[in-house]
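1. Whatever this is, show me its structure:
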Amino acid sequence: MIRHPDHHVQPPDRSAALAVIRAGMLDVLVVGGGIVGAGIARDAALRGRSVGLVEQADFASGTSGRSSRLLHGGLRYLAQGRLRLVRQAGREKQVLRRIAGHLHLPLAFVFPAWQGSPWPLWKLRAGVRLYDLLCGPPAAESSTILDADDALRLAPGLRTSGLRGAVRYFDALTHDARLVIDTLRSAAAAGAVVVNACRLEWAERDGDGWCCGLRDTASGAALTAKARCVVNAAGPWADRIPHSRLRLRLTKGVHLVVDRSRLPLAEAVVMTDGPRILFAIPWAQRVILGTTDTDWPGPPGEPRVEAGDRDEVLAVVNRCFPEAGLGPADVLSCWAGLRPLIADRRGGPSDISRAHRILSSEPGWIDVAGGKLTTYRLMAGQVVDLLERRLGGGRVACRTADEPLPGCPDEPPRAGLEPPEVHEDVVRRAVRQEWALHLDDVMLRRAGWHYYRPDRLEIAGRVAGWMARECGWDQIRQAAELDRYRGVFSPIE
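-> Next comes the predicted model:
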C-alpha cells in the first residue's frame, strides 16, 4: 500500500540550510543536484540518514533538465544486445508510474519500416514482442503490428515510398526537471538538507570521514562541511570532482521544439537515419524533435545547439515527413544536453552503453555516473545500499519504490504535461518551496515556459516582477536577472 507522507513541509531558507550543512557531521554529503543525486538524497533520508546535498548551479540545470523527456526501456538497446538494461529500465518505468503518476503520461510510439532500412519490419516485429516481455506493460499498452495504411492513419504525412508497415509500442512522457524537483521535495520532507548554487572545491580525508570545502556561489562565502561519506553524482562534471576515479565520454544531444500545427501527430514517431534513431514526440500543442548523439570534446560548460545540429535533425524529419517542409523558422525553442557516459573509445557515440557504474576507491567515497533518467531510482538504491554497509547500524530497506513523490496521485498528468498557466502563484511556490533563486530557474525548469511559449520574453518580464516582490529585488537586480535569462540560451549558433 502506498503511504502518503506530508510533502507540504516548506524547505528551510538558504541561510538555515547552509548552517545545517556546516554545523556538524553528516552521514552523507551528495555532490550533484541532478536526478541521480536527488534520488540518492531521497533514498538515504528515507532510510533515516542525515543527508546534505549541494549543487553548483541550479537543480536539474545540467543533463537532468535537458533530456528527451522520456521514461523508456530503450527499444534500440535490444538491437545492441543489452537485454538487462532494457529489463531494468522497463521495471523502473512501471515503478515511476506508481510513485510519480503525475509525471508519467503513457505515450504510443509508431516505428515505421521502409524498404532497405536497417530496421526491417520483421526485426521490429520481433523487437517489440521481446520489449513487451522484458518491460511488462499493462495489457492496454501491448505492442501491435501495423500495415502501411494503419501507419499512415496514426502518423499522417509519413513518406509512403517504400513504406512496408510499422510497429506500435508504448513508453511514457515526463517532465525531467520537475521529476528532479519533486524528488528533492520528497528528500527534504524526509529530513535532507539541499542547497543549490553551492560548489564543492576540495575534499580530504578526516579521520573516519571527509572534510569538504564548499563555496556558496550566491554570496561568494566559503564554508566547510564534514560527512562520514561523500557521493559524487555530478553528472558530466563527475570526472572533474576531487578524488573521482571515473572516466567519462561526454556526448551531446540536441532537441528542437516546433508547433504541432506544423507536424500534427497524435502519437510519437520513431524516425531513423541509418542505424540511428530520432523521435518526434507530441508535447501538448508542440512537438519535440531529437536527438543527436555526437562526441563533446570540451569541458562540460554550456553546450549549445549549433546550426549544423538543427539542420541535421530537420533533415531527418523532412525525409520521414516530406510534406512537412520544416525549416529553421519553424523552430520555436531548443536545448542541448550532455550525456555523462562511461568512457569507451570503441565505436560511435550511439554505440556506448547507457549502463551505469558505481565506484568506491577510497573509504567513504563513492562515484556514480552513466545510466539514464528512467533508471535513476535503481542507481540511487544501489549507491545507498553501499552507504548503509559503510555506515553500519543495521540494514534498512529501500522505501523509494512505495513512497509517492509530492503531487502523486493528487495531481493527474496535465494533457501532454504542458507547462502551467502563467500566474504569480506558480512563481511564489517556486521561490518558497522549490529553491528557485534566479529568473531562469523558473522560466526553464520549475515552470518550463521558456521552451513552450513563443512570448517567453514578455512572460519573463512579468515573472521578474513577481520574483522581485517575493525576493526583495530592486530594479537593478531585476534588470540583471533579465539579462542573465536572455544569455542563458543564446540563439542557435
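2. For the stretch 251-400 of the chain, which segments count as strands?
-> Secondary structure of the stretch 251-400 of the chain by DSSP state E, counting those that start in this stretch: the strands cover 268-273, 276-283, 286-290, 294-295, 333-342, 356-362, 365-370.
3. Which one of these lies nearest to residue 313?
-> strand 286-290 (5.4 Å; C-beta to C-beta). Yep, even glycine has a C-beta here, placed from its N, CA and C like the rest.
4. what angle sits between that closest one and strand 268-273?
-> 30 degrees (axes from the mean of the first three to the mean of the last three C-alpha atoms, to 10 degrees).
5. how's the chain carved up into domains?
-> Under automatic domain parsing, the residue ranges defining each domain of the chain are 14-64+177-247+353-391, 105-174+249-343, 419-488.
6. Return the most buried member of those domains.
-> Comparing those by mean neighbour count (mean count of other C-beta atoms under 10 Å), domain 14-64+177-247+353-391 ranks first with a mean of 22.
7. what about the stretch 51-200 of the chain, any weak spots by pLDDT?
-> Residue ranges of the stretch 51-200 of the chain with pLDDT under 70: none are present.
8. just so I have it, where are all the helices in it?
-> 75-79, 83-99, 121-135, 148-154, 176-189 (DSSP state H, counting those that start in this stretch).
9. Centre of the chain to the shortest one, how far?
-> Right, helix 75-79. Chain-centre distance of helix 75-79: 20 Å, with C-alpha atoms, centre = their mean, to the nearest Å.
10. Kindly report the same for stretch 171-183.
-> Worked out by C-alpha atoms, centre = their mean, stretch 171-183 lies 7 Å from the chain centre.
11. CA-only coordinates of it, as PDB, when you get a sec.
-> The C-alpha coordinates for stretch 171-183 follow below in PDB (Å, rounded to 0.1, in the frame of the first residue of the first chain):
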ATOM      1  CA  ASP A 171       6.700   4.300 -23.300                       C
ATOM      2  CA  ALA A 172       5.900   7.400 -21.300                       C
ATOM      3  CA  LEU A 173       6.400  11.200 -21.400                       C
ATOM      4  CA  THR A 174       7.600  13.000 -18.300                       C
ATOM      5  CA  HIS A 175       8.900  16.400 -17.200                       C
ATOM      6  CA  ASP A 176      12.500  15.700 -16.400                       C
ATOM      7  CA  ALA A 177      13.300  18.800 -14.400                       C
ATOM      8  CA  ARG A 178      10.000  18.600 -12.500                       C
ATOM      9  CA  LEU A 179      10.900  15.000 -11.600                       C
ATOM     10  CA  VAL A 180      14.200  16.200 -10.000                       C
ATOM     11  CA  ILE A 181      12.400  19.000  -8.100                       C
ATOM     12  CA  ASP A 182       9.700  16.700  -6.800                       C
ATOM     13  CA  THR A 183      12.300  14.100  -5.800                       C
END
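12. Export the strands of the stretch 251-400 of the chain to TSV and append columns for mean pLDDT and distance to residue 485.
-> Formatted as TSV, the strands of the stretch 251-400 of the chain follow (pLDDT from 0 to 100; distance: least, C-beta to C-beta, whole Å):
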stretch	mean pLDDT	distance to residue 485
strand 268-273	95	30
strand 276-283	95	22
strand 286-290	97	20
strand 294-295	92	27
strand 333-342	94	13
strand 356-362	93	33
strand 365-370	96	30
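13. With distance to residue 250 added, can I get the ones you listed in TSV?
-> Below are the strands of the stretch 251-400 of the chain laid out as TSV (distance: least, C-beta to C-beta, whole Å):
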stretch	distance to residue 250
strand 268-273	21
strand 276-283	18
strand 286-290	17
strand 294-295	7
strand 333-342	5
strand 356-362	15
strand 365-370	10
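14. With that, I have no additional questions.
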